[in-house]
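Asks: When you get a sec, could you give me coordinates for this:
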Amino acid sequence: MAVLVVIDIPGGTKEQYEESNRKITEASWFPPKGLLHHVGAPNNGGWIVVDVWETREDFRAFAEQARPIFSETGTPPVEPKFYEPANVIAP
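Replies: Numbers count the residues shown, from 1 in each chain. Okay, the predicted model is just below:
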């Protein structure tokens, strides 16, 4: 079953998000295994990311690969929240 991953980044900036996103999409391992949907948006003076992954393990493998990129862009370390979706609709 898919997993919903919500990452709240207090103080995160649009510039950090865009630079991280650019570096991730240019990485040799992109697209990461198991990524189904990704959305990023400003949120209360920070940034929020909402993803849908095939499994928690897929997300964790991605996070390990992307950790150096987040460090390079100054994105603060955060703890993701995991939710089991009742439904996932993909057109």
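Asks: element containing residue 51, please.
Replies: Per DSSP states H and E, residue 51 falls inside strand 46-53.
Asks: Sheet partners, orientation included, of that strand?
Replies: strand 3-9 (antiparallel), strand 35-43 (antiparallel) (DSSP bridges).
Asks: Not counting its neighbours along the chain, what's nearest residue 10?
Replies: residue 46 (4.3 Å; CB to CB, 6 or more residues apart in numbering). For every residue, glycine as well, the C-beta is placed using N, CA and C.
Asks: So what's the residue count around that neighbour?
Replies: If you count neighbours by other CB atoms under 10 Å, residue 46 ends up with 16.
Asks: shouldn't it be in contact with residue 14?
Replies: No: with contacts defined as CB atoms under 8 Å, residue 46 does not count as touching residue 14, sitting 10.3 Å away.
Asks: pLDDT weak spots in this protein?
Replies: The model of the chain has no residue with pLDDT under 70.
Asks: Would you format the strands paired with strand 46-53 as TSV with distance to residue 67 included?
Replies: TSV is the format used below for these (distance: least, CB to CB, whole Å):
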stretch	distance to residue 67
strand 3-9	13
strand 35-43	16
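Asks: so which of those gets nearest residue 20?
Replies: Within the strands paired with strand 46-53, the stretch nearest residue 20 is strand 35-43; the backing value is 9.1 Å (CB to CB).
Asks: hmm, who's touching that closest one?
Replies: 2, 8, 14, 17, 21, 47-54, 58, 62, 88, 90 (CB atoms under 8 Å, 6 or more residues apart in numbering).
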